[in-house]
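Undergrad: show me the folded form of this:
(chains A, B, C and D)
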Protein chains: 2
Amino acid sequence: MSSQSEIIKGLFNQLEPELQKKIQQVGHIRKFKEDEFLMYTGQPIRSAVLVIDGIIKVSREDDEGNEIFMYNLHPGEACAISMTCAARNISSQIMAKSLVDTTVISIPIELMDEWASKYKSWYQFVLETYRNRFEELLEMLDQIAFKNLDERLIWYLRQHQKSLKSNIVKISFTQMALELNSSREVISRLMKKLADSGQIKMVKNQVEIVHLPI
Amino acid sequence: MSSQSEIIKGLFNQLEPELQKKIQQVGHIRKFKEDEFLMYTGQPIRSAVLVIDGIIKVSREDDEGNEIFMYNLHPGEACAISMTCAARNISSQIMAKSLVDTTVISIPIELMDEWASKYKSWYQFVLETYRNRFEELLEMLDQIAFKNLDERLIWYLRQHQKSLKSNIVKISFTQMALELNSSREVISRLMKKLADSGQIKMVKNQVEIVHLPI
DNA sequence: TCAATATTGTGATAAAAATCACGAATTCCA
DNA sequence: TGGAATTCGTGATTTTTATCACAATATTGA
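TA: Residues are numbered from 1 along each chain as shown, chains lettered A, B, ... in the order given. As a prediction, this is how the structure comes out:
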């Protein structure tokens, strides 16, 4: 197993070596077990979050407690929302939760601007982060705007398959319903259809993805 | 009436004077009449667009010709999509159309990176653009994810009211239906309800907003 | 182990929205 | 000015999704 500094070097190899060192010096490592909140709706944000290991699920939440899945963040990626909010010193209607055991490194907001002018690779990284999140958000928007729930469910399962790099996804129907802003009964019926047509298998409360269309 | 250079100075006063001058030197002014396409789906993009005057309506489009309104751009604002796409030299499933007579200035993509490292204010401007568009997209996402069509219609009308700074909005029901990804008949019925309850008035094919809830 | 809790299945019904099928009114030009 | 094109109104029907009601498992922790 490689050292943490090696891991960071590998993940953020587009950043200048000096900056990589700085990140390790000033960054605050935080570890989360599966299903812990990293950030909840309304919480003020004072640091930018980089993912070192694991997966972070980012969801939007409204005032009535409704929720909708936006995208997952993976090692080497950063949370655009945390950057925006940190920069503006505001809270956001965003929820971030660890999908599996996860390690992040948080960068104090004060440094963001300083680094941006000092390190070209940092501002490129920040820009790329915004661009990537923007595009993911658009993909997600397509789903919710143009697709029926059956297709959105397949997309949702695929996102997990990709993130987890596994065909086994263990999420309850209740949870799926919550994150698709639907209801459990509806998900139950749609999942039954998928199982009946052989696209998935239910193995003791886990979903095994056999073959889902793209 | 002030000169164009004065207008640009006023709109982009957060940019360094030297940069303002550069924008005028290298930027290519383009004028559009009401309802012209600035950018259509699938078109490759090779410049970033700044709005000088008028309003640009940005919509997402899918492969089946469905469409959904995202947000409007106003003087002093820039199109984040054009920046992303220009930076990556890709096309995007985005449509931009002038809502009224509109003037923009387009910046060749080659300069984006150069300016970002040379002018701190440009880098800040690009970041702010991403942040603002990101937040607008989230607001729009809330609508489509959590609201029923009647509320979305009200939001849509309000967006136009704000952008146009006018209580008179002249858009056909067909167009509203298209941009809300709904159907004309449904919009017709919802608009009738709004008219019946005195929230709007229909004056010869124009919508007059009397009082819409927030 | 056994009750509390969480999870799933399913029929019936309701609500929201889309679609179909018209006809009427309006606007736009040639 | 008169016909084509666009726009609008509205009832009937269908599709999609949500909700209600209730039962059956499965899981967990004291």
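Undergrad: drop to CA atoms for contacts and neighbour counts, all remaining ones
TA: Noted.
Undergrad: enumerate the residues of chain A near DNA strand C.
TA: A:171-174, A:184-186, A:188-189, A:191-192, A:205-206 (C-alpha under 7 Å from any atom of the strand).
Undergrad: could you single out the nearest of the residues you listed to A:Tyr71?
TA: A:Tyr71 lies nearest to A:Ile171 out of the residues of chain A next to DNA strand C, by C-alpha to C-alpha, at 15.7 Å.
Undergrad: hmm, back to that, select only the buried ones of the residues of chain A next to DNA strand C in PyMOL?
TA: With 16 or more other C-alpha atoms under 10 Å in any protein chain shown as the burial test, the buried ones among those are selected in PyMOL as follows:
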select buried, chain A and resi 173+184+188+191
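Undergrad: now intersect the residues of chain A next to DNA strand C with the helices, please.
TA: A:173-174, A:184-186, A:188-189, A:191-192 (DSSP state H).
Undergrad: quick check: the farthest pair among those?
TA: Maximum pairwise distance among these (C-alpha to C-alpha): 14.3 Å, between A:Thr174 and A:Lys192.
Undergrad: just the element for the nearest residue to A:Ile7 once chain neighbours are set aside, please.
TA: Nearest non-adjacent residue to A:Ile7, counting by C-alpha to C-alpha, 6 or more residues apart in numbering or on different chains: A:Ile52, 7.7 Å away. Using DSSP states H and E, A:Ile52 sits in strand A:47-53.
Undergrad: neighbouring contacts of that strand?
TA: The contact list for strand A:47-53 (C-alpha atoms under 8 Å, 6 or more residues apart in numbering or on different chains) reads A:7-8, A:11, A:73-79, A:82-83, A:86, A:101-109.
Undergrad: after it, which helix or strand is next?
TA: Note on strand A:47-53: by DSSP H and E, the next helix or strand toward the C-terminus is strand A:56-61.
Undergrad: ok, the following helix or strand past that following strand: who's next to it in the sheet?
TA: Reading on from strand A:56-61 to the C-terminus, the next helix or strand found by DSSP H and E is strand A:67-73. If you go by DSSP bridges, strand A:67-73 pairs up with strand A:56-61 (antiparallel).
Undergrad: now the partner strand: mean pLDDT?
TA: The average of the pLDDT scores along strand A:56-61 is 96.
Undergrad: again with stretch A:72-79
TA: Averaged across stretch A:72-79, pLDDT comes to 97.
Undergrad: what does that stretch rub up against?
TA: Residues from elsewhere that reach stretch A:72-79 (C-alpha under 8 Å, 6+ apart): A:11-12, A:48-58, A:129, A:133, A:159, A:163.
Undergrad: give me that answer again for 7 Å
TA: A:11-12, A:48-58, A:129 (C-alpha atoms under 7 Å, 6 or more residues apart in numbering or on different chains).
Undergrad: thanks a lot, see you next time.
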